[in-house]
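Novice: Predicted structure and sequence below. I'll ask about it afterward.
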Amino acid sequence: KGPYGGGVEFGERAFSEARWRTQHSVDKNADLYPTHGLGPISPMLDINRGNKMLHLSSTASQSRGLNKYIVDNGGPNHPNAKVKFKLGDVVTTIIKCAKGQTIVLSHDTNSPRPYSLNFRVQGTKGLWMKDSKSIYLEGTSPAPHKWESDEKYLKKYDHPLWKRFSNEKSTLSQSGHGGMDFFIIRAFVEAIKETNDPVIDVYDAVSMSCVVPLSEISIKNNSSSVQIPDFTRGRWKSNKPIFGLDNKY
């Protein structure tokens, strides 16, 4: 089934995610999908496991992309061309962590560009950028102030589970997100089977999800800082880090 009306419909007459997701763009000016950014970075920074997100500040650009898409594909007289979308085309959220790190999230789904998570990790010894497959490590990279390919590092430090299941390409490709879904779902199932805590628990889920309403509050109040609740009630100080998982899951 293809998109009805050139993809400019939303609600009951729409196709796929537009049946429910687009209405949020009408009603809310917020980071509507923070998990794609926070999901990978949270375990790297030991969020809820020795570290926590303290407060955030969000700002949004003007809203133009969705209206332009409707006009371009449905015509200026289409009923949805008159819809006023609250969601800014680019929503930027800055999060301060207890251990001093800063997380920058960007919600940018209404601009014409190639698929990109714009994922970047930076520390005192260098930085890595996923989209460009480039890395720079001070004192290790062959030339100062010049990028090198990340290929040899990804190969050298590849996780044992990726190596173990790399030959099962059909399983990985069918699981979604380049195989990532397989590992997350498998980790959850294996943890439950062994009565262990899941890798991503309910505290992680709500910590990531609360960015949606909190970013909306911040934007409504001229990008003011908004405190992020401690859903663990202090247990983040003693919870063990999970970055890298283990050889089992």
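Specialist: Received the coordinates, thanks.
Novice: How about the contacts made by V212?
Specialist: V212 makes contact with K28, A30, D31, L32, P34 under the criterion Cβ atoms under 8 Å, 6 or more residues apart in numbering. For the C-beta atoms, the positions are set from N, CA and C on the backbone; glycine is no exception.
Novice: Can you list the buried residues in stretch 85-105?
Specialist: 85, 87-98, 101, 103, 105 (16 or more other Cβ atoms under 10 Å).
Novice: end to end, how far does it reach?
Specialist: One end of stretch 85-105 to the other measures 21 Å (Cα to Cα, to the nearest Å).
Novice: mind checking how far that stretch is from the chain centre?
Specialist: Centroid separation for stretch 85-105 versus its chain: 11 Å, with Cα atoms, centre = their mean, to the nearest Å.
Novice: average model confidence for it?
Specialist: For stretch 85-105, the mean per-residue pLDDT is 98.
Novice: Out of the buried residues of stretch 85-105, which is nearest to S42?
Specialist: Closest approach between those and S42, by Cβ to Cβ: I103, at 8.5 Å.
Novice: Which strand or helix spans that closest one?
Specialist: Per DSSP states H and E, I103 falls inside strand 102-107.
Novice: Please identify the pairing partners of that strand and their relative orientation?
Specialist: Strand pairing for strand 102-107, using DSSP bridges, gives strand 91-97 (antiparallel).
Novice: Worst mean pLDDT across the helices and strands of the chain, which element?
Specialist: For the chain, the helix or strand with the lowest mean confidence is helix 169-175, at a mean of 71 (criterion: mean pLDDT, DSSP states H and E).
Novice: hmm, who's touching stretch 167-178?
Specialist: The contact list for stretch 167-178 (Cβ under 8 Å, 6+ apart) reads F165, S166, G179, D181, F182, I185.
Novice: Apart from its neighbours in sequence, what residue is nearest the fifth one?
Specialist: Once flanking residues are discounted, F182 sits nearest to S175: 3.6 Å by Cβ to Cβ, 6 or more residues apart in numbering.
Novice: dump the residue contacts of the residue nearest to the spatial centre of the chain.
Specialist: The residue lying closest to the centre of the chain (Cα atoms, centre = their mean) is H36, at 1.7 Å. By Cβ under 8 Å, 6+ apart, the contact set of H36 is L117.
Novice: Help me confirm that it is found in a helix?
Specialist: Yes: secondary structure of H36 (DSSP: H, G, I helix; E, B strand; the rest coil): part of a helix.
Novice: gap between it and N73?
Specialist: 25 Å (Cβ to Cβ, to the nearest Å).
Novice: Next: K99.
Specialist: 46 Å.
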